[in-house]
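> Need coordinates for the below:
(chains A and B)
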Amino acid sequence: MRVGLMVPCYIDMFYPQVGVATLELLEKLGVEVDYPFDQTCCGQPMANSGAFTQAKATEELLVRNFADYEYIVAPSGSCVHHIRNKFTAAKDSPGRRHVSSQVRDLPEFLCDVLRVQEFPWAEFPHEVALHVSCSAIRGLCEQSMSERPNDPWFSKPRSLLEKVKGISIADFDRPDECCGFGGTFAVTEEAVSAAIGNDKLDRIAATGARYAVFIRLLTRSATGERITQYTSHFAGPRDGAEMHVVLVDNGRTQRLADERFWRSLKCIRCAACMNTCPVYRRSGGLSYGSTYMGPIGIIMMPTFDIQRHSELPFASTINGSCTNVCPVQINIHEQIYQWREEMNAKGEFSTTKKAAMKVADKVLSHPEAYRMATEAGKAALDVLPHFAIYNRLNAWGRHRDLPSPGAETFHQWYSRNRGSTHPRDALPRETTTSTHGADDGHT
Amino acid sequence: MGLTMGTREDILTAIRERRPPSRELPQIPDFHHKADDLTGLFAAALARLDGNTITQPPDDLQQWLTRTFPHAQRVCSTVPEAAGTINPAELTDWAAPADIDVTVVRSPLGVAETGSILVTEKELGVNTIATLAEHLVVLLDPVDLVDNIHTAYSHPSFQDAAYAVLLSGPSGSADIGGVTVHPAQGVTTLTVILTP
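Residues are numbered from 1 along each chain as shown, chains lettered A, B, ... in the order given. As a prediction, the model looks like this:
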């Protein structure tokens, strides 16, 4: 089996040892591994920022690099999630579809493809805490999710670790909590609880038996109670009086016409998405600067005023737990992702962000430029922080420093240890005549 | 768009034109549970919300009120079992009940699942007597207990009401401006006396 190793840009630069370990582990398990030299990045930094146009060339470069491999393996849940589920900036082609269907996160490849039963050589007599990323959990289903407690429990990464002699895996609270950058939010306001009152129930257009379904969903999804203290119902005026119902549109009929976003109108205001959101739970409602807070606010507010709320869709780690807990099944995190694209399309990016996306597009879609940027050590930081920061943190994460880059990139390590410019030159293999896609290194 | 009758039609027309294609509504499952002990379930649910249930009704409600609320000056009773100091028929607007100490009312419907009691404009007259009072005493016939919200909503006393409120325990606490306020709104105690 011939496998293409994809070493994501952040691992190439900041954690090259992860790339090395992945390569050595796969080889130890008897896999023939190629490392296509022209690879750069999966395009996620731009696509995640809503800059789909700028992600196109980088995604297409990845397709060229990996289209001919039986499997593409990467030690990164989020890159694999992007390539498998979000790879829409690149032009549709058999190559793109092949890459999306054949890409595997390392634990998936070990569990599902190789079906590894043991690591007889491995020993690690330590206690470890395991954090599985949201992309791996909710994007790739490598582990069951805590917000769906009735699903059978499983964890591919944990089952692999448990095969290592001497290891013990520590249990801790909320083990699949998003790692979320929560600690770095520059928010000092005391969190204000999102007590969504029962007066909002008049928004539910339902009667009789259906009405009861929503009433029972409401508080169960909000505070876990069966009901709140007051549940008022207005069906008509008292004797001798009048009752008036005021319709407020406020952009809602416009949203109703939009196939991507109309489902947010199904909201029953229960606050389940806020209670599960790692960003909201730490930053509180005030930091959203909008009437509707948390995940639902992110997809609700831009319809009212796109300019004022242009930054909101970036106040999310897109970990996806909001969608899982939503009792009326609004695809919240998908819509957040689509709003990012909308912000770009509507020209709501700031000038610096536009410039950063442009640079990222240029650097990440050209292997030579990418090598120059990443292998210049410190010089890399002149270019990279911009797209790294605009990747997910944006204004919410200005106070976080990037880690220092490694002494050498994975790419440099590979060249030094495995020979010249091409893996086939470096490794004595019998199958060197087989052809690959764009596997020619720059010579 | 101005504030005209046309605005309403504009909104409704936009909804009709843009709404997603309609589809079959799902069947609502039968959530009815066969419960032998509705009284026990009701009392347990209400206790979770800090409310009291009295299953052995006092012989003399008037005496019980005096004993339980010795400092109450203004008692508003809508039931023949007890005479209050305030005649509810004389209350004219929603703010009038502001200084009531105790309100006594009979509920036509209790919900075992949630520990809720239903009151409507028929029992209350001025709706705020149930929420502005300091203490609320509710008389409920055990035969008027239903198992859950679904059965409650199909009950005539709910269906026929213009205003209906499910009261579930005394008012809870709230975080208002960084200060825990208790009770946030409404009554500080809620007692349900199960009596025919």
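
> how many other residues sit next to the nearest residue in space to B:A83 that is not next to it in sequence?
Once flanking residues are discounted, B:A83 sits nearest to B:S77: 6.2 Å by CB to CB, 6 or more residues apart in numbering or on different chains. The C-beta positions use only the backbone N, C-alpha and C, and glycine is treated the same way. By other CB atoms under 10 Å in any protein chain shown, the residues close to B:S77 number 23.

> Looks like B:S77 contacts B:A89 (just checking).
No: in this structure B:S77 lies outside contact range of B:A89 using CB atoms under 8 Å: 11.5 Å.

> thinking again about what came up before, please list all residues in contact with the residue nearest to B:A83.
Taking CB atoms under 8 Å, 6 or more residues apart in numbering or on different chains as the criterion, B:S77 is in contact with B:83-84, B:88, B:103-104.

> again, but for A:H82
Applying CB under 8 Å, 6+ apart, the residues near A:H82 are A:42-44, A:47-48, A:135.

> rerun that using 7 Å as the cut-off
Contacts for A:H82 (CB atoms under 7 Å, 6 or more residues apart in numbering or on different chains) come out as A:42, A:44, A:47.

> now the residue nearest to B:A83, which residues is it bridged with?
Taking DSSP bridges, one obtains B:V104 as the residues bridged to B:S77.

> what separates it from chain A, distance-wise?
21 Å (CB to the nearest CB, to the nearest Å).

> what are the phi and psi angles of the residue most central in space within chain B?
Residue closest to the average C-alpha location in chain B (CA atoms, centre = their mean): B:L167, at 3.0 Å. Reported as degrees, to the nearest 10, the phi and psi values for B:L167 are phi -100, psi 130.

> re earlier: need the max-distance pair from the contacts of B:S77.
B:A83 and B:T103 (13.5 Å; CB to CB).

> Of all the residues in stretch A:324-341, which ones are buried?
Residues of stretch A:324-341 classed as buried: A:324-327, A:330-341 (neighbour count, 16 or more other CB atoms under 10 Å in any protein chain shown).

> Tell me the secondary structure at B:H32.
Under DSSP: H, G, I helix; E, B strand; the rest coil, B:H32 falls in the coil class.

> isn't it right next to B:D147, touching?
Yes: counting by CB atoms under 7 Å, B:H32 touches B:D147, with 6.4 Å between them.

> So which bits of chain B are right by chain A?
Contacts of chain B with chain A, taken as CB under 7 Å from any CB of the partner chain, map to B:8, B:11, B:14-15, B:18-20, B:28, B:45, B:113-114, B:116, B:121, B:149-150, B:153-154, B:161-169, B:171-172, B:174-175, B:178, B:186.

> Narrow these to those in helices?
B:8, B:11, B:14-15, B:18, B:45, B:121, B:149-150, B:153 (DSSP state H).

> Now do the contacts for the residue of the stretch 251-400 of chain A found nearest chain B.
Nearest residue of the stretch 251-400 of chain A to chain B (CB to the nearest CB) works out as A:T253 at 3.7 Å. Shown in contact with A:T253 (CB under 7 Å, 6+ apart): B:11, B:14-15, B:18.

> And B:T39, by the same measure?
B:55, B:142, B:145, B:194.

> Mind listing the residues bridging to the last one?
Spelled out, that is B:L194. B:L140.

> where exactly do the strands run in the chain?
Unless you meant another one, I'm taking chain A. A:2-5, A:32-34, A:71-74, A:103-105, A:127-129, A:168-170, A:230-234 (DSSP state E).

> Hmm, no, I was thinking of chain B.
B:52-54, B:75-77, B:102-107, B:109-111, B:116-120, B:135-140, B:145-146, B:163-167, B:174-176, B:179-181, B:189-194.

> what lines up beside the fourth one in the sheet?
Taking DSSP bridges as the criterion, strand B:109-111 sits next to strand B:116-120 (antiparallel), strand B:145-146 (parallel) in its sheet.

> out of those, deepest packed?
Highest mean neighbour count among those (mean count of other CB atoms under 10 Å in any protein chain shown): strand B:116-120, with a mean of 26.

> relative orientation of that strand and strand B:102-107 in degrees?
90 degrees (axes from the mean of the first three to the mean of the last three CA atoms, to 10 degrees).

> so for stretch A:147-154, what's the average pLDDT?
Stretch A:147-154 carries an average pLDDT of 86.

> Pull the residues that contact that stretch.
With contact meaning CB under 7 Å, 6+ apart, stretch A:147-154 is reached by A:143-144, A:276, A:321, A:324-325.

> again, only this time at 6 Å
A:144, A:276, A:321, A:324-325 (CB atoms under 6 Å, 6 or more residues apart in numbering or on different chains).

> Can you give me the end-to-end span of that stretch?
Stretch A:147-154 has an end-to-end distance of 14 Å (criterion: CA to CA, to the nearest Å).

> Same check on stretch A:256-270?
End-to-end distance (CA to CA), stretch A:256-270: 21 Å.

> any bit of it sitting next to chain B?
Yes: judged by CB under 6 Å from any CB of the partner chain, stretch A:256-270 comes into contact with chain B through A:256-257.

> Give me the buried stretch members for that stretch, please.
A:256, A:261-265, A:267-270.

> ok, residue 43 - contacts?
In the absence of a named chain, this looks at chain A. When contacts are counted by CB under 6 Å, 6+ apart, A:G43 touches A:55, A:58-59.

> wrong one, I was asking about chain B
Applying CB under 6 Å, 6+ apart, we find B:A43 in contact with B:T53.

> The same query, at a cut-off of 7 Å, please.
B:53, B:55.

> near chain B, which residues of the stretch 251-400 of chain A show up?
Checking the stretch 251-400 of chain A against chain B by CB under 7 Å from any CB, the hits are A:253, A:256-257, A:262.

> now the residues you listed as a markdown table including pLDDT?
Compiled in a markdown table, those are given as follows (pLDDT from 0 to 100):
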| residue | pLDDT |
| --- | --- |
| A:T253 | 90 |
| A:L256 | 91 |
| A:A257 | 91 |
| A:W262 | 91 |
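
> Show me the shaky parts of chain B.
For chain B, the stretches with pLDDT under 70 are B:1-5, B:174-178, B:183-184.

> Okay, now stretch A:284-296: how far is its last residue from its first?
Termini of stretch A:284-296 sit 14 Å apart (CA to CA).

> Could I get the buried residue list for it?
So, applying 16+ other CB under 10 Å, buried residues of stretch A:284-296: A:284-285, A:287-288, A:290, A:292-296.
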